[in-house]
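S.K.: just coords:
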């Protein structure tokens, strides 16, 4: 059977992983596809660079050598970054080549354009590896849960921050130490802002929400709060109260429309996502028929990501063998309103430093009450010099009201500091 | 766009669920498929039975009315049981109709025959709902993890027994009470043996192993032990030692071949499967590229199972729209040796009732030592009349050696009873 020839764009971590997986499991992949899958060319910046992997593929430095090679049926984009990756993919689709990518930035920002190009030229455009690394989530959402109205997607989709929060929780390390360690281990980049600022997670949840809800959601639609304000004190209070702090990517759909957000949250220790530690990712999906499901695994890394990329390659190769394409393209059939985070509701954890004198608690409770914020529990914690640390958990209130209440509190002389305000994702406090 | 017409075989719990899901989400399903999906006929025993659901489908009592109806492109088997379900499916495939089924019994026993028929007539044969209810697992294993060499599949795939063990663990109920309650709630059948005996789980793990390892595994290949011997004492000792008891379905592949088994096991509380409670199911899969992944959700029930069945219907409908079929059929390309459970190794938990006198422990340790069984820990527990309960955890030993050691022990006058012998699934005790 004639080999199916492909090209890789990029030979970094993920590209190297794809070379290895295609080599290691060549026999079973050939059985599944019904033909060998062979890498003919790899686009690299420097073909002379010493690499710790051998491949029979031809290393090329110009995209044209791939675009104009009619043997190449599948272009696998694993170079990362928005440009030129997006332009290369678009050109490949327009040249009638199928495209597989691991690039969340491009899918989140230019998904529509790429899907349109694929539809026009009857090609496949697959991107399983763009969210959750090796975890099967795109295909499950698009196919396995296709019969559902999805109401909620909630995930831990950034391994770096989950590693950091796990370390803070399990080893009582503080934020700056754990960031330094993550950087030393290569889990966090020198400029860690895409991870710790929540932007990486935001792109991923935009992709998941678009698929789950059948309506385009872009990065601009996502409310984003990172983990840079999380302190060891917050982690400890969470533990005392039966919670863990996770950076959650949340997408909800109800009769008001769609809300999508990334922020740290208190999660009950009994929640399936609470046990997801270190660099593992997990995505929790709720549908009207299936109920609650969860997908768990390694959210990044050479081989896990290559597992997802190669699965897409196999899927396209099966399509080529069966002479079919574009079986499943864009599923954003609807336009749905996005409602702002100010209209979302949840219980909140609030940590305050207040004056240590009679009447303070009453005044604070009054300020909350004026904004319809009811307190579920109030815990007076340790003394800090001549002040007292107060930890409050509210009942379910709107983000808008909590902000108004916090503004009032900040204007009160007896409140010396707001330590933190963190959402609580718990059904039981309602 | 012309509707795609289907027929259901059976209108029990799952069939009713499929009718509901296709009705509730008709609009989005039509968008995804590119055509409406309409149930034309439903095969029932008694068309006059009062049902709490309305459908415009025609209720028929003869399979011929479906097999000979050329409008019907997809036959959805949700009647359950081996026969006549298998004959009907085979006839449908031979009549050129695509088949979707939720029937683990038939898939586990007659999978090859049905796949062969599908290959011959260029039809699709899909069975996502046969394992794990609503949990996407068949398609993820077949497609999303297709690039992997799978070394291990370990799952909680029977909701009835997981509900029972969860109740025993969390509410200290004993086996017979919890079985009676499960029967009262409809979670367990009047004859509960398929569930508590492990046979249901065995069929499911045979299906998963076949797909994961690319080699046919049948029910006869599965070693089966149910939960009928699990007592509240075992559950309590497990808890004390940091474990929970779960009915595990385990399939492993190594250079000796494949081993597949169903049995209760001690699982460390930190294992991702340990937190899977009540009627939830979860399947843990280890692959050479992806590492560890887990799929979690509702393993049974009207709507969760219908979610999976309808996903398959949508997939077939997409194939019909794109004029393609049999894209992915049987993936059992290899024949692999099955090695018996006697050659498997694990640590073991052993509970014994022994005479309360000096020298007993030495004699018992000697009997174990003679079979190369080393003891990781020995705990002397409560007195029971004039005997002492002894709880042992061994290091990793072969099943063969543990059986030999237990035989010796049973012949020793100082051992009055063997309470239980349960495998421990833990990497740390090795």
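M.R.: Perfect, I can see it now. Nothing here was measured: the structure is a model prediction, and the numbers come from that model.

S.K.: farthest residue from the center of chain A?
M.R.: residue A:358 (46.0 Å; Cα atoms, centre = their mean).

S.K.: tell me how far that residue lies from residue A:388.
M.R.: 12 Å (Cβ to Cβ, to the nearest Å). Placement of C-beta: from N, CA and C, glycine included.

S.K.: next, the contact list for the closest residue to residue A:336 other than its chain neighbours, please.
M.R.: With Cβ to Cβ, 6 or more residues apart in numbering or on different chains as the criterion, residue A:336 has its nearest non-adjacent residue at 4.0 Å, and that residue is residue A:215. Shown in contact with residue A:215 (Cβ atoms under 8 Å, 6 or more residues apart in numbering or on different chains): A:258, A:332-336.

S.K.: which pLDDT value goes with residue A:215?
M.R.: Per-residue pLDDT puts residue A:215 at 97.

S.K.: which strand residues bridge it?
M.R.: residue A:334 (DSSP bridges).

S.K.: so how far is residue A:249 from it?
M.R.: Residue A:215 is 17 Å from residue A:249, where distance means Cβ to Cβ.

S.K.: check residue A:75 too.
M.R.: For residue A:75, the distance to residue A:249 - Cβ to Cβ - is 29 Å.

S.K.: which one of those two is surrounded by more residues?
M.R.: residue A:249 (30 against 26; other Cβ atoms under 10 Å in any protein chain shown).

S.K.: wait, doesn't residue A:403 sit right on residue A:341?
M.R.: No: the pair residue A:403 / residue A:341 is not scored as a contact, 9.9 Å apart, by Cβ atoms under 8 Å.

S.K.: for these two, indicate the residue with more neighbours.
M.R.: Using other Cβ under 10 Å as the criterion, residue A:403 and residue A:341 rank with residue A:341 on top: 19 against 14.

S.K.: what's near enough to touch the more buried one?
M.R.: Listed by Cβ under 8 Å, 6+ apart, the contact set of residue A:341 reads A:223, A:259, A:261, A:399.

S.K.: can you check residue A:115 too?
M.R.: Residue A:115 touches A:125, A:329-330, counting by Cβ under 8 Å, 6+ apart.

S.K.: show me the residues you listed that map onto strands.
M.R.: residue A:125 (DSSP state E).

S.K.: out of the contacts of residue A:115, who's nearest residue B:44?
M.R.: residue A:329 (37.8 Å; Cβ to Cβ).

S.K.: residue A:118 is in contact with that closest one, correct?
M.R.: Yes: contact criterion Cβ under 8 Å: residue A:329 and residue A:118 qualify, at 5.9 Å.

S.K.: near chain B, which residues of the stretch 51-200 of chain A are found?
M.R.: Residues of the stretch 51-200 of chain A lying close to chain B (Cβ under 8 Å from any Cβ of the partner chain) are A:128, A:134-136, A:139-140, A:143-149.

S.K.: bridging residues for residue A:378?
M.R.: residue A:392.

S.K.: just to revisit the earlier point, mutual contacts of residue A:329 and residue A:118, please.
M.R.: residue A:125.

S.K.: neighbour count for these two, which is higher?
M.R.: residue A:118 (24 against 17).

S.K.: in the helix or strand that contains the more buried one, what counts as buried?
M.R.: Remark: residue A:118 resides in helix A:104-121, with elements defined by DSSP states H and E. Within helix A:104-121, the residues that count as buried by 16 or more other Cβ atoms under 10 Å in any protein chain shown are A:104-111, A:114-118, A:121.

S.K.: which is the next helix or strand following the helix or strand hosting residue A:409?
M.R.: Taking DSSP H and E as the definition, one finds residue A:409 inside helix A:399-410. Remark: after helix A:399-410, the chain's next helix or strand is strand A:415-424, criterion DSSP H and E.

S.K.: quick one: stretch A:389-408 to chain centroid distance?
M.R.: A distance of 27 Å separates the centroid of the chain from that of stretch A:389-408, by Cα atoms, centre = their mean, to the nearest Å.

S.K.: same question, stretch A:68-83
M.R.: Distance, centroid of stretch A:68-83 to centroid of chain: 24 Å (Cα atoms, centre = their mean).

S.K.: so which bits of the stretch 201-350 of chain A are right by chain B?
M.R.: So the stretch 201-350 of chain A meets chain B at A:214, A:272, A:275, A:287-298, A:301, A:303-304, A:306-308, A:310-311, A:313-315, A:318-319, A:322-324, A:326-328, A:331, A:333 (Cβ under 8 Å from any Cβ).

S.K.: farthest-apart pair in the contacts of residue A:215, please.
M.R.: A:258 and A:333 (14.1 Å).

S.K.: between those two, which has more neighbouring residues?
M.R.: Per other Cβ under 10 Å, whichever of residue A:258 and residue A:333 has more neighbours is residue A:258, with 19 against 13.

S.K.: now the lowest-mean-pLDDT helix or strand in chain A against strand A:415-424, angle please.
M.R.: Using mean pLDDT, DSSP states H and E, the weakest-scoring helix or strand in chain A turns out to be strand A:375-384, at a mean of 84. Here strand A:375-384 runs at an angle of 130 degrees relative to strand A:415-424 (axes from the mean of the first three to the mean of the last three Cα atoms, to 10 degrees).

S.K.: other SSEs contacting strand A:375-384?
M.R.: Using 3 or more Cβ pairs under 8 Å, 6 or more residues apart in numbering or on different chains; DSSP states H and E, the elements in contact with strand A:375-384 are helix A:360-370, strand A:387-394.

S.K.: 6 Å - rerun?
M.R.: strand A:387-394 (3 or more Cβ pairs under 6 Å, 6 or more residues apart in numbering or on different chains; DSSP states H and E).

S.K.: report the angle between the strand it packs on and strand A:375-384.
M.R.: 160 degrees.

S.K.: residues contacting residue A:31?
M.R.: residue B:333 (Cβ atoms under 6 Å, 6 or more residues apart in numbering or on different chains).

S.K.: ok so it is a helix residue?
M.R.: Yes: according to DSSP: H, G, I helix; E, B strand; the rest coil, residue A:31 belongs to a helix.

S.K.: quick one: it and residue A:139, what's the gap?
M.R.: Applying Cβ to Cβ, the value for residue A:31 to residue A:139 is 20 Å.
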